[in-house]
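Student: could you look at this predicted model? Sequence included:
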Amino acid sequence: MSEFLQQVINGLSLGAIYALIALGYTMIYGVLRFINFAHGDVFMVGAYIGFYAFPLIIPVTGEGLPTAVAVILVAMIGCGILGVVIEFLAYRPLRNRPKLTVLITAIGVSLFLEYTGQLPVVFTPNPRTFPTLIPNTTYNVFGDVSIGSTQILVFVVALLLMGVLRVIVMRTKIGTAMRAVSMNMNAASLMGINLNFIISFTFFLGSALAGAGAVLYAMSYPKINPLMGILPGLKAFVAAVLGGIGNIPGAALGGFLIGVAETMTAGYINPAFRDAIVFGILIMILLLKPSGLLGKGGTEKV
Amino acid sequence: MKPIARPYIYLALAVAGTFVLSMIIGGMGSYDQRIVINIGINMILASSLNLINGYTGQFSLGHAGFMSIGAYAASSITTMLYPALVGELHGGVSQELYFLVAILAGGVAAAIAGLLVGVPSLRLKGDYLAIVTLGFGEIIRVIIQNIKPLGGSLGIPDIPRYTTSLWVFLTVVAVVFVIQSLMRSTYGKGFLAVRDDEVAAEATGIDTTRYKVTAFVVGAFFAGIAGGLYAHYNDLIKPDDFGFLRSVEIVVMVILGGMGSTYGVLFAAAILTYLPEWLRDFRMFGVNFSDFRMSIYSLVLILLMLVRPQGLFGTFDLAAFIRKMRDRRQGTAPTLEG
């Protein structure tokens, strides 16, 4: 029983990170109706921003929690700007082109970030060790079930950011505009909403969440390399589809479910199948309920 | 001469040309020979994917998965089955025949996988289909990685090198011939109808599911054959050779060539296989481009989508072009469909 609870805690803390990345996928899909394949690589850049920002931040904030918070904020802003730039340069000129063209461009951006990241003058292909941002302590809860300080930080930051996102999307004027754009882009534009600004803002928010997720991921798994974004990116995408793509609470729910499913498979079945199970879930959900757990089904208009 | 014979004349000419070509390639150094053979294998992969992505308008991102099934099936036959059944193969016609059987078995195995992937995936379209095929590709890789007799993540070593340039380019000719013949038949019109407007095609009584599955099965078959040829040229295959990036490479070839233009895709496969090798020793302003070659490659892809999304050749069709040129020379008025 205690082993099961332990797996649940580990799964939820991994899932919280997936949820943060999945929110970016789902928001961008919500406004532009396309899968931003480069999202996982924005996540990778976030980890490197944290890696390089750490030595600059530590003299200012000192050890411990303030450093972690500062590194997360810097990575969020850096990734947010990167997301806006990618949208401006690569996706905006293709706004009214066929979806496939945009999808291929997104693959191109993804490859560009991966290959450029591997250049000797950029991040080099060698893995780096992410610094320890907060001292590692383990707390025992319910007997032998333990939870690490990093895991607590992951939960707190992830839930806080999800709450902030919820408030932005549901309670602010700009959030209302985002929802309007995702319902009907042309109608929203006719109502005087500045489409370009809203889309840029959505990219900023989504990429910033990936940046936060990246620092949290690197704190939990401290080996970082330029290809580290591929698998978490794909899994977060599966999480977004599982929850119903375009649906913000769905992405969060999907992230947690995928995280738990992955750790359960690794713990009870075979660690080698932890990646396969995620794709298995994807195929099942797309075949059985393509609109996802919380999504609304749509019919194709002719 | 009956007009129906014309494709067979082209086929005979192409086969003869291949024999000459492979004699020329045989005289090259081993490094150049490797590039040329890789070009041929990529041509098979790209033109078979073109049938799915270009002509039928489905977006498959899992072609490397089919390739890996063909590679593993063919090499387990040559490294495990043959030594047990027929002993060592010592060159000659019998070796070539046994190799042919192994390669075809790889193609059939991949075609079955194509059927298994194709049938359930057909409810989806566009980017969802891309993601599902990607997922299937990854699942195939993980499954192979966990099958002990296939060597796990270390792969199958010591595969005999049966693949020659003649084998590869005869297969290229066969793929192009089959696809061109298919596209000229009613099946081809069905593929194009599914691509151009699925709802309208369905409404006119076309069984869209059957056409999509056919495209998947034929495409996967040739990808499997390419996998078998690849395995018997590289002596070692491992699951990581057939990852997501390999699928993306093939997709990029199809896009660069122009989705739905067989000759454009063949050209793109050659260029994209050669370009990274060429950039390896390319220097300008004292900068060595070999480090930047993959970044340049991805930038070219983005720029291509911005500037010319239909690919270099668009829907250019060599046969139609030749027909138009001939009509012009003979002074007949060009037809509207030309």
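Tutor: Structure's in. What do you need?
Student: the stretch 201-338 of chain B: helices as residue ranges?
Tutor: Assigned by DSSP state H, counting those that start in this stretch, the helices in the stretch 201-338 of chain B fall at B:208-234, B:244-257, B:262-280, B:293-307, B:318-329.
Student: against which helices or strands is the first one packed?
Tutor: This points to helix B:208-234. helix B:30-49, helix B:63-76, helix B:92-121, helix B:165-184, helix B:186-196, helix B:198-203 (3 or more CB pairs under 8 Å, 6 or more residues apart in numbering or on different chains; DSSP states H and E). No exception for glycine: its C-beta is placed from N, CA and C like everyone else's.
Student: now do it: distance to the chain's middle.
Tutor: When distances are taken as CA atoms, centre = their mean, to the nearest Å, helix B:208-234 is centred 8 Å away from the chain's centroid.
Student: got the buried residues for it?
Tutor: Residues of helix B:208-234 classed as buried by neighbour count (16 or more other CB atoms under 10 Å in any protein chain shown): B:208, B:211-234.
Student: in TSV, list the helices and strands packed on helix B:208-234 along with mean neighbour count and mean pLDDT.
Tutor: Below are those laid out as TSV (neighbours: other CB atoms under 10 Å in any protein chain shown; pLDDT from 0 to 100):
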stretch	mean neighbour count	mean pLDDT
helix B:30-49	22	92
helix B:63-76	30	94
helix B:92-121	19	89
helix B:165-184	19	92
helix B:186-196	18	89
helix B:198-203	14	88
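Student: mind checking which of those helices is nearest residue A:247?
Tutor: Counting by CB to CB, residue A:247 lies closest to helix B:92-121 out of those; the figure is 23.0 Å.
Student: is chain A contacted by the closest one?
Tutor: Yes. Under the criterion of CB under 8 Å from any CB of the partner chain, helix B:92-121 makes contact with chain A via residue B:120.
Student: report the angle between that helix and helix B:63-76.
Tutor: Interaxial angle, helix B:92-121 versus helix B:63-76 (axes from the mean of the first three to the mean of the last three CA atoms, to 10 degrees): 140 degrees.
Student: quick one, the helix or strand just after helix B:92-121 and helix B:63-76 angle?
Tutor: As assigned by DSSP states H and E, the chain's next helix or strand after helix B:92-121 is helix B:126-145. Angle, helix B:126-145 to helix B:63-76, by the same axes, to 10 degrees: 30 degrees.
Student: now do the SS call for the closest residue to residue A:249 other than its chain neighbours.
Tutor: Closest residue to residue A:249 apart from its sequence neighbours, by CB to CB, 6 or more residues apart in numbering or on different chains: residue A:294 at 6.2 Å. Using DSSP: H, G, I helix; E, B strand; the rest coil, the structure places residue A:294 in coil.
Student: contact partners for residue A:294?
Tutor: A:243-244, A:247, A:249-250, A:253 (CB atoms under 8 Å, 6 or more residues apart in numbering or on different chains).
Student: and residue B:103, by the same measure?
Tutor: Listed by CB under 8 Å, 6+ apart, the contact partners of residue B:103 are B:70, B:74, B:225, B:228-229, B:232.
Student: repeat that for residue A:227.
Tutor: Per CB under 8 Å, 6+ apart, neighbours of residue A:227: A:44, A:114, A:117-118.
Student: near chain B, which of those show up?
Tutor: Answer for the contacts of residue A:227 near chain B (CB under 8 Å from any CB): A:114, A:118.
Student: check which helix or strand covers residue 14.
Tutor: Just going to use chain A. Taking DSSP H and E as the definition, residue A:14 sits inside helix A:2-32.
Student: wait, chain B
Tutor: In the assignment (DSSP H and E), residue B:14 maps to helix B:6-26.
Student: out of the contacts of residue A:294, which is most surrounded?
Tutor: The most crowded member of the contacts of residue A:294, judged by other CB atoms under 10 Å in any protein chain shown, is residue A:243 (29 neighbours).
Student: quick check: closest non-adjacent residue to that residue.
Tutor: Residue A:243 sits nearest to residue A:250 (CB to CB, 6+ apart), 2.7 Å away.
Student: show me the contacts for that neighbour.
Tutor: Taking CB under 8 Å, 6+ apart, we find residue A:250 in contact with A:26, A:240, A:242-244, A:292-295.
Student: determine which two of these are furthest apart.
Tutor: Spatial extent of these (CB to CB) is set by the pair A:26 and A:293 at 12.4 Å.
Student: between these two, what contacts are shared?
Tutor: Counting by CB under 8 Å, 6+ apart, the residues touching both residue A:26 and residue A:293 are A:243, A:250.
Student: which among the helices and strands packed on helix B:208-234 is found nearest to residue A:176?
Tutor: Taking CB to CB, helix B:198-203 is the member of the helices and strands packed on helix B:208-234 nearest to residue A:176, at 34.3 Å.
Student: around chain B, pick out the residues from the stretch 51-200 of chain A.
Tutor: Counting by CB under 8 Å from any CB, the stretch 51-200 of chain A sits next to chain B at A:90, A:93-94, A:97-105, A:107-109, A:111-112, A:114-116, A:118-121.
Student: 7 Å instead, please
Tutor: A:90, A:93-94, A:97, A:99-101, A:103-105, A:107-109, A:111-112, A:115-116, A:119-120 (CB under 7 Å from any CB of the partner chain).
Student: from these, which land in helices?
Tutor: A:99-101, A:103-105, A:107-109, A:111-112, A:115-116 (DSSP state H).
Student: got a list of what the residue most central in space within chain B touches?
Tutor: For chain B, residue B:45 is the residue whose C-alpha lies nearest the centre (CA atoms, centre = their mean; 1.5 Å). Residues counted as contacts of residue B:45 (CB atoms under 7 Å, 6 or more residues apart in numbering or on different chains) are B:63, B:67, B:223, B:226, B:250.
Student: ok, so of these, who is nearest residue B:26?
Tutor: Of all the contacts of residue B:45, residue B:26 sits closest to residue B:226, with 20.9 Å by CB to CB.
Student: look up the closest residue to the closest one, ignoring the ones flanking it.
Tutor: Per CB to CB, 6+ apart, closest to residue B:226 is residue B:44, 4.1 Å.
Student: quick one: residues contacting the one you found.
Tutor: Neighbours of residue B:44 in contact, by CB under 7 Å, 6+ apart: B:171-172, B:175, B:222, B:225-226.
Student: residue A:121 - how many residues pack around it?
Tutor: Residue A:121 sits with 8 neighbouring residues when counted by other CB under 10 Å.
Student: name the nearest residue to it, ignoring sequence neighbours.
Tutor: Per CB to CB, 6+ apart, closest to residue A:121 is residue B:291, 7.9 Å.
Student: hang on, isn't the one you found packed against residue A:122?
Tutor: No. The pair residue B:291 / residue A:122 is not scored as a contact, 10.0 Å apart, by CB atoms under 7 Å.
Student: wait, residue A:231 touches residue A:274, no?
Tutor: No. Taking contacts as CB under 7 Å, residue A:231 lies outside contact range of residue A:274: 9.7 Å.
Student: looking at those two, which one has more neighbours?
Tutor: residue A:274 (19 against 15).
Student: who are the packing partners of the helix or strand residue A:275 falls within?
Tutor: Counting by DSSP H and E, the element that carries residue A:275 is helix A:274-288. If contacts are counted by 3 or more CB pairs under 7 Å, 6 or more residues apart in numbering or on different chains; DSSP states H and E, helix A:274-288 sits against helix A:230-243, helix A:248-264, helix B:126-145.
Student: who wins for proximity to residue A:285 among the ones you listed?
Tutor: Short answer: helix A:230-243, nearest of the helices and strands packed on helix A:274-288 by CB to CB, at 5.3 Å.
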